[in-house]
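Asks: coords below, sequence missing:
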């Protein structure tokens, strides 16, 4: 049939491998290009740190906030909600969260807020006292959490701003009013 080969053929090394930067035996970047890389990296980190969480307005005016239905928070796509919109919504406070609900679903957004993002106090709410309509993308500062001292199933009116978070929104709280139950 066919001949068998007694010797193995030597394989030449690829000539372009020598020219790759940082390849074994290849040329090393010059001092100038190394500094350029460091400056570029610092610039990218600096740009990502420019995004700050919006501070609450100096004076609170409840009329400046558009009333929305709680169901719009759960499914913002079909509604006319947009990032930056100031809204107010009635909800039932559930609990402060021990985890960051945005980190898994929208971790790339975190690059815009590296300085203050970890300072947010995330909490969850429900639409009704019967525990329907769970929403866990509401956030406030630790100072606000201390000020309002919310308890489980407190009926509250949340005033805040919708902020973009990947394909959805999170609600950054500026003010909370407890609603008296009848």
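Replies: Received the coordinates, thanks. What you see is a predicted model; the values in this text were computed from it and never measured.
Asks: Tell me where the protein is predicted with low confidence.
Replies: Scanning the chain for pLDDT under 70 picks out 1-31, 41-55, 77-79, 100-118, 165-167, 181-182.
Asks: Show me where it has its helices.
Replies: Applying DSSP state H to the chain gives helices spanning 31-49, 70-74, 101-105, 142-148.
Asks: is the closest residue to residue 136 other than its chain neighbours in a bridge, and if so with what?
Replies: Distances taken as CB to CB, 6 or more residues apart in numbering put residue 124 closest to residue 136, at 4.1 Å, once the chain neighbours are dropped. In short, each C-beta sits where N, CA and C put it, glycine included. Judged by DSSP bridges, the bridge partners of residue 124 are residue 95.
Asks: need the contact list for residue 124.
Replies: 94-95, 97, 134-136, 138 (CB atoms under 8 Å, 6 or more residues apart in numbering).
Asks: switch to 10 Å and redo it
Replies: Taking CB atoms under 10 Å, 6 or more residues apart in numbering as the contact definition, residue 124 lies against 91-97, 101, 134-138.
Asks: Also residue 134?
Replies: Residue 134 makes contacts with 74, 94, 124-127, as judged by CB under 10 Å, 6+ apart.
Asks: One more pass at 8 Å, please.
Replies: Counted by CB under 8 Å, 6+ apart, residue 134 has contacts 94, 124-126.
Asks: try residue 143
Replies: So residue 143 contacts nothing (CB under 8 Å, 6+ apart).
Asks: returning to that earlier point: let me know the closest of the contacts of residue 134 to residue 34.
Replies: Nearest to residue 34 out of these is residue 124 (CB to CB; 47.6 Å).
Asks: quick one: the closest one from residue 80, how far?
Replies: Taking CB to CB, to the nearest Å as the measure, residue 124 falls 25 Å from residue 80.
Asks: most surrounded residue in the contacts of residue 134?
Replies: Highest neighbour count within the contacts of residue 134, by other CB atoms under 10 Å: residue 125, with 25 neighbours.
Asks: Can you tell me the closest non-neighbouring residue to residue 57?
Replies: For residue 57, ignoring the flanking residues on the chain, the nearest one in space by CB to CB, 6+ apart is residue 174 at 6.4 Å.
Asks: burial count for that neighbour?
Replies: Neighbours of residue 174 under the rule other CB under 10 Å: 21.
Asks: Residue 85 now?
Replies: Residues lying near residue 85 (other CB under 10 Å) number 16.
Asks: ditto for the one 4 residues further on
Replies: Here the neighbour count serves as a burial measure; for residue 89 (other CB under 10 Å) it reads 23.
Asks: so it bridges to which residues?
Replies: residue 158.
Asks: residues contacting it?
Replies: By CB under 8 Å, 6+ apart, residue 89 lies in contact with 67-70, 72-73, 157-158, 171.
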